[in-house]
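> how does the following fold in three dimensions:
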Amino acid sequence: MQLKKLSANATLLMCQDVSEKIVLFSYETPVAVSWIGSGALFVTEEKFSQTTSKHINSYTKNFSDIKKVPQSWLEDHA
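Reported below is the predicted structural model:
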């Protein structure tokens, strides 16, 4: 498991164990998750602050398959 700081309040959690997923946190909230090699990104459909929106938009520019999901789904899969 690794943490990668993207900015002052955005962090990636990279789990390379059985789940092999990457979780984007804005502040302390998981807002996006992807599984390594899948190419798909699951992003919260909930509206947060302008800064959180910037964190999400900056991260999602590298993905072509983006799916909006409820925040509760992200919290269950993060």
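
> from the middle of its chain, how far away would the longest helix along the chain be?
The longest helix of the chain (DSSP state H) is helix 50-60. How far helix 50-60 lies from its chain's middle: 10 Å, per C-alpha atoms, centre = their mean, to the nearest Å.

> and after it, which helix or strand comes next?
strand 65-69 (DSSP states H and E).

> same for the helix or strand following that following strand, what does it pack against?
Later in the chain than strand 65-69, the nearest helix or strand by DSSP H and E is helix 71-77. Judged by 3 or more C-beta pairs under 8 Å, 6 or more residues apart in numbering; DSSP states H and E, the packing partners of helix 71-77 are strand 29-35, strand 40-44. Quick note: C-beta positions are derived from backbone N, CA and C, even for glycine.

> check contacts around Lys61.
Going by C-beta atoms under 8 Å, 6 or more residues apart in numbering, Lys61 touches no other residue.

> buried sites along the longest helix of the chain?
Thr52, His55, Ile56, Tyr59 (16 or more other C-beta atoms under 10 Å).

> quickly check those for the two that are furthest apart.
Thr52 and Tyr59 (10.9 Å; C-beta to C-beta).

> how much space separates Ser53 from Ala78?
18 Å (C-beta to C-beta, to the nearest Å).

> circling back: strand 29-35 and the longest helix of the chain, what's the angle between them?
Angular relation of helix 50-60 and strand 29-35 on a 0 to 180 degree scale: 10 degrees, by axes from the mean of the first three to the mean of the last three C-alpha atoms, to 10 degrees.

> ok, back up a step: nearest to Lys4, out of the helices and strands packed on helix 71-77?
Proximity to Lys4 (C-beta to C-beta) singles out strand 29-35 among the helices and strands packed on helix 71-77, at 13.7 Å.

> ok, that closest one: who's next to it in the sheet?
Under the criterion DSSP bridges, strand 29-35 sits next to strand 21-26 (antiparallel), strand 40-44 (antiparallel) in its sheet.

> could you pull up the mean pLDDT of the first one?
Read that as strand 21-26. Averaged over strand 21-26, pLDDT sits at 94.
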